[in-house]
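1. sequence below, structure please.
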Amino acid sequence: METVVKERADAPPGFYEAEAAGIGWLAEAGGAAVARVVAVSPCRIEIERVAQGRATTDAAHDFGRDLARTHAAGAATFGASPEGWHGPLFIGRREMPRNESTAWGEFYVTGRVLPFAESAVSAGNLTRAELAVVREACDTVASGRFDDDAPPSRIHGDLWGGNILFGPRGVVMIDPAAHGGHAETDLAMLSLFGAQHLTHIIDGYQSVAPLRTGWMDRVPVHQLHPLAVHAAGHGRSYGVALVRAARATLSLAS
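-> The predicted structure follows:
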């Protein structure tokens, strides 16, 4: 079996262990495939290499179906860490707060949007005036305006197109920021960064888990998190996009 090794001499405590815990937790769901961890240590993780395959519409459909099954495996609460993991959580190289709540909106704002939006201001990628718009949108989300009765889903948490690989046996997920969240957040991230055959992924998803009415309208709400993360470290354009999503959120709520 061929493998891929990722190493960081300066990795913060728990960095690769958190990734391994997330992979294991997603794999236990028995839904979408995840690249298997071969070995993990504080500064290194070794994962099976996913051979390149054709990005077919059938594979995309099957991935959507299997992703719905992963989500359905659930989590203890919104913000829950992978079962058995008590260390820090990360998205990319950035640490995510370990906050939990029985209310999705409260968790999402305090743990997934505002901390990164504030970092974006420090990075010079978001102005104070723009942060005020983001905060206003966050207040609306935290109020429960977009909460529903869906239980916490077991989500990948960083599901952009680069983290789904089309292999010979179908799609395999890599590099999760796994936690208990809302299923629509994973789908919104796929939409944000242009996953291949997205319409077929959505069709496959809905074949086993029909999405709630208005889910497409709510995409900007669920993109606040990835946009805030990117605004914190990947340039001014993401700050502009974050404010645009915040304004769309306010418009949807009005």
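2. could you look up the SS state of the nearest residue to residue 236 once chain neighbours are set aside?
-> Distances taken as C-beta to C-beta, 6 or more residues apart in numbering put residue 125 closest to residue 236, at 4.9 Å, once the chain neighbours are dropped. Every residue, glycine included, has its C-beta placed from N, CA and C. Put simply, residue 125 is coil when judged by DSSP: H, G, I helix; E, B strand; the rest coil.
3. residues touching residue 125, list them.
-> 231, 232, 234, 235, 236, 238, 239 (C-beta atoms under 8 Å, 6 or more residues apart in numbering).
4. any figure for the gap between the fourth one and residue 135?
-> As judged by C-beta to C-beta, to the nearest Å, residue 235 and residue 135 stand 21 Å apart.
5. more neighbours: the two, which one.
-> It is residue 135, of residue 235 and residue 135, that has more neighbours when counted by other C-beta atoms under 10 Å, with 17 against 13.
6. pretty sure the more buried one sits in a strand.
-> No: counting by three-state DSSP, residue 135 falls outside a strand, being helix.
7. how far away is the closest residue to it other than its chain neighbours from residue 44?
-> Residue nearest to residue 135 in three dimensions, not counting chain neighbours: residue 114, with 7.2 Å by C-beta to C-beta, 6+ apart. Using C-beta to C-beta, we find residue 114 at a distance of 33 Å from residue 44.
8. residue 17 now?
-> 11 Å.
9. the more surrounded of these two?
-> More neighbours surround residue 17 than the other of residue 17 and residue 44, with 17 against 14 (other C-beta under 10 Å).
10. how about that one, what does it touch?
-> Residue 17 neighbours (C-beta under 8 Å, 6+ apart): 40, 42, 85, 87.
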